[in-house]
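Chemist: Got a sequence here, can you model it:
(one chain, ligands or ions: 1)
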Amino acid sequence: MMAATSRLVPSATAAHPLLQKLLSGPIPAVMGVLNVTPDSFSDGGNFLAPEHALAQAKRLVAEGADIIDIGAESTRPYGGTRPVGADEEMARLRPVLSEIIKLGVPVSIDSMKPEVAGFALDAGAVIANDVWGLQRDRAMASLVAQRGVPVIIMHNRDHADPAIDIMQEIAGFFARSLDIAAKAGVPLGHIVLDPGIGFGKTAEQSLIVLARLDQLRRFGLPLLVGASRKRFIASVSPSEPGERLGGSIAAHLIAARGGARIIRTHDVAETVQALKVASAIEDQG
Ligand code: HH2
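Modeler: As a prediction, this is how the structure comes out:
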């Protein structure tokens, strides 16, 4: 089965060595979130001060993070926060980025701006995480092509529309992003797809995406899911962002079962433990 698959896959789609390494474990890779922002929806202001950001990065590493995803602008999954210019984003990153990179865990840069992503890649970040899937600023596609780094293409839309078929919408979005990537020369093996839980989706649509994640496996690319502390959890079990650990873990275990190979979370230790235990149970099945 494996041999037949690899014969069919052209060499241009061979996974990027970093992705190969991250995806080779028995459980999904865990990406720890570090928000160097005043206004992130769940932990805004907690890690804006450089010493707090570095301490949190060290904690994520100690807890078992395989990747640190650093962002300096809230991606505003729920609107209402202030857009930030590239200069301010870089000013937030500058005091901490190289120290965090020195911790030795791969760093991804969560930015939709090619200037900011380029700045972070120059400093030693090794993955680009674009919450607009290369569609907000086309220069992002040429940047990741030139740098040869893995890129996370996340589904997004400006407004949720309860009337649409969300799985069809995500598949169409991915197809457009993959077209942009191909035209810019980004190898398929450098791409990770992410359905963007909570972004431009109703709570019900986020639940649907998690339930039907396996449908997105047909793209043949690794899937990332980030359900951590998101609002759809409160639609099922009313809670503030800091009270959504149980719901986050439930969502991530279901996502892993549906084929997610990278899990993005604020709570690394608990997520690693949950994934390991679920996997050990499944091994006995
Ligand atoms: N979610 C957030 C931010 N970036 N990137 C990917 N690839 N997938 C996600 O689901 C995702 C993401 C939102 O979470 P957080 O970073 O905590 O919030 P904020 O954007 O408000 O800083």
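
Chemist: Could I get the buried residue list for the helix ranked longest in the chain?
Modeler: Secondary structure of the chain per DSSP state H: the longest helix is helix 166-184. Buried residues in helix 166-184, counted by 16 or more other Cβ atoms under 10 Å: 166-167, 169-171, 173-174, 177-178, 180-181, 184. All C-beta spots, glycine's among them, are computed from the backbone N, C-alpha and C.

Chemist: Let me know the closest of these to Gln205.
Modeler: Nearest to Gln205 among the buried residues of helix 166-184, counting by Cβ to Cβ, is Ile166 at 4.1 Å.

Chemist: and the closest one, what is it in contact with?
Modeler: For Ile166, the contacting residues are 201, 205, 208-209, by Cβ atoms under 8 Å, 6 or more residues apart in numbering.

Chemist: one more time with 10 Å
Modeler: Contact analysis of Ile166 by Cβ atoms under 10 Å, 6 or more residues apart in numbering lists 155, 157, 160, 195, 200-202, 204-209, 212.

Chemist: Over to Ala184?
Modeler: Contacts of Ala184 by Cβ under 10 Å, 6+ apart are 134, 138-146.

Chemist: Filter those residues down to just the ones in helices.
Modeler: Judged by DSSP H, helices contain the following of these: 139-146.

Chemist: need those residues in JSON lines with distance to the ligand, neighbour count and pLDDT, can you?
Modeler: Formatted as JSON lines, the ones in helices among the contacts of Ala184 follow (distance: Cβ to the nearest ligand atom, whole Å; neighbours: other Cβ atoms under 10 Å; pLDDT from 0 to 100):
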{"residue": "Ala139", "distance to the ligand": "19", "neighbour count": "15", "pLDDT": "97"}
{"residue": "Met140", "distance to the ligand": "13", "neighbour count": "28", "pLDDT": "98"}
{"residue": "Ala141", "distance to the ligand": "16", "neighbour count": "26", "pLDDT": "98"}
{"residue": "Ser142", "distance to the ligand": "20", "neighbour count": "16", "pLDDT": "98"}
{"residue": "Leu143", "distance to the ligand": "17", "neighbour count": "23", "pLDDT": "98"}
{"residue": "Val144", "distance to the ligand": "14", "neighbour count": "29", "pLDDT": "98"}
{"residue": "Ala145", "distance to the ligand": "19", "neighbour count": "18", "pLDDT": "98"}
{"residue": "Gln146", "distance to the ligand": "21", "neighbour count": "13", "pLDDT": "98"}
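
Chemist: Nice, that's everything, thank you.
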